[in-house]
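>>> Any chance you can model this:
(one chain, ligands or ions: 1)
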Amino acid sequence: MKRGVFIVFEGIEGSGKSTQAQLLADALERKGVNVDFSREPGGSEVAERIREVLLDSELEEMHPRTELLLYLAARAEHVAKRIRRKLFADKAVVISDRYTLSTLAYQAGGRELDTKRVARLCKFASGGLEPDLTVLVDLDVKEAFTRLDRPHDRLEQAGKEFHEKVREAYLYFARRAPRKIRVFNGAKEKMMLHEEIKQVVLNLLTSKGML
Ligand code: TMP
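Have a look, this model is predicted:
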C-alpha cells in the first residue's frame, strides 16, 4: 500500500456534511482504523488563522480574488503540513471536511470566477493531490438554511441566491465525475444517511486492502 485513503466531505452549509464526516470518522475509529479528521479552511496552525480572517463577519467585504487566494493558501498549508504526512507516512484514512470542490463550487460557481483558472490554481495549491472519494451531501438551500442555528458567518450571510449557485455548481461537477464524487441525499434521516455513506466507504477501503 503506497498511501492511505483520502476522503472529502462536501456540501452547502446546513447540509449535514460535517455531522456525517464526524460520524464516519468515529465509526472507522471504532473499527480500529487509523483516521485523521480535519476541516477546511483549517487543519493546521497557519490555516486556522487564515480561517479566522476568511470567516470574520466584522471584516469589510473581500475581493473574490483575495478570498480565493486565502482559501488556497490555507489549503496549501493543510496539504503540506498535515494531509501528505498522514496519507503517505502514516497511511491513514484522511477525512477532510471540505477541499478543492468547495473552491470550485463557491469561488467559481458562487462568486463566478473563471472555472478553468480556479481549477488550475487549486491544483497548484494542493500540489495535485486528489481525494479517492468525495462525498457530496446534497440538500435544498431552503431546507439547509432552516437547519442553521449557529450565528451566521460571512459566507452564510451571502444569501440564498449565492448558495443556489453553489449547490448547482456542486451538482454540475458531480455529474462530470460520478465515480469520484458521490451524491447523497441530505434530506434523509441522519443515521440512515450515515449507514449509506459508511457502506460506500467500507467498500472502498476493502478494495484498497485497508480492511
Ligand atoms: P464550514 O465550516 O461551514 O464548512 O464553512 C467554511 C466556509 O468556507 C463555507 O462557507 C464554505 C467556504 N469555503 C469556500 O468558499 N471555499 C473553499 O475553498 C473552502 C474550503 C470553504
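>>> Tell me the confidence at the residue sitting furthest away from the middle of the chain?
Distance to the chain centre peaks in the chain at residue 60, reaching 25.3 Å (criterion: C-alpha atoms, centre = their mean). Residue 60 is assigned 93 on the pLDDT scale.
>>> which residues does the residue nearest to residue 97 when sequence neighbours are not counted contact?
Closest residue to residue 97 apart from its sequence neighbours, by C-beta to C-beta, 6 or more residues apart in numbering: residue 39 at 3.9 Å. C-beta coordinates here come from the backbone N, C-alpha and C atoms, glycine included. Each residue near residue 39 by C-beta atoms under 8 Å, 6 or more residues apart in numbering is listed here: 18, 96-98.
>>> so residue 9 sits in a strand?
Yes - Residue 9 forms part of a strand when assessed by DSSP: H, G, I helix; E, B strand; the rest coil.
>>> quick one: which helix or strand includes the closest residue to it other than its chain neighbours?
Computed as C-beta to C-beta, 6+ apart, the closest residue to residue 9 that is not its neighbour in sequence is residue 21, at 4.0 Å. Using DSSP states H and E, residue 21 falls within helix 17-30.
>>> what residues does that helix touch?
By C-beta under 8 Å, 6+ apart, the residues outside helix 17-30 that reach it are 7, 9-11, 35, 37, 39, 93, 95, 97-98, 135, 137, 184, 186, 190-191, 193-194, 197-198, 201.
>>> filter those down to the ones near the ligand?
Contacts with the ligand within the contacts of helix 17-30, counted by C-beta under 6 Å from any ligand atom: residue 98.
>>> Take the contacts of helix 17-30 and keep only those in helices.
Among these, the members found in helices (DSSP state H) are 190-191, 193-194, 197-198, 201.
>>> Identify the residue spatially nearest to residue 78, adjacent ones excluded.
Closest residue to residue 78 apart from its sequence neighbours, by C-beta to C-beta, 6+ apart: residue 43 at 4.0 Å.
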